[in-house]
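**Student:** give me a model of this one.
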Amino acid sequence: MRNAPRQTLVLTDEQARHPFLARLPEHVRRERARFDPRPFWHVTKDDVRGFASAYVACTLAILVFLL
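**Tutor:** Numbers count the residues shown, from 1 in each chain. This next block holds a predicted model:
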């Protein structure tokens, strides 16, 4: 068997600027469209009603416990 030159197995990418990102595969590191949180922040009347009822219920429970 001929002695082939040893090649090191490269598991990191020096272009990735962070050790964790350097270990990720390229298809994971590829830049995608930026996440836009605005569509998820629609507050409906049911949301407000649910928050208000939970707030009142917790406040009453604390008052009953303390008194």
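**Student:** let me see the mean pLDDT of stretch 43-51.
**Tutor:** Mean pLDDT, computed over stretch 43-51, is 94.
**Student:** what's the local residue count around residue 62?
**Tutor:** 10 (other C-beta atoms under 10 Å). To be clear about C-beta, it is placed using only N, CA and C from the backbone, and glycine gets the same treatment.
**Student:** distance of it relative to residue 53?
**Tutor:** Separation of residue 62 from residue 53 (C-beta to C-beta, to the nearest Å) stands at 15 Å.
**Student:** now the helices for this structure?
**Tutor:** 19-23, 26-29, 45-66 (DSSP state H).
**Student:** please identify the deepest-packed of those.
**Tutor:** The highest mean neighbour count among the helices of the chain, using mean count of other C-beta atoms under 10 Å, belongs to helix 19-23: a mean of 11.
**Student:** alpha carbons only: can I get it in CSV?
**Tutor:** Extracted C-alpha coordinates of helix 19-23, given in CSV (Å, rounded to 0.1, in the frame of the first residue of the first chain):
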residue,chain,number,x,y,z
PRO,A,19,-16.8,28.7,17.4
PHE,A,20,-20.4,27.5,17.6
LEU,A,21,-21.3,28.7,14.2
ALA,A,22,-18.1,27.3,12.7
ARG,A,23,-19.3,23.7,13.7
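**Student:** what's the mean pLDDT across it?
**Tutor:** In this model, helix 19-23 has a mean pLDDT of 74.
**Student:** show me what it is packed up against.
**Tutor:** Packing contacts for helix 19-23, counted by 3 or more C-beta pairs under 8 Å, 6 or more residues apart in numbering; DSSP states H and E, involve no helix or strand.
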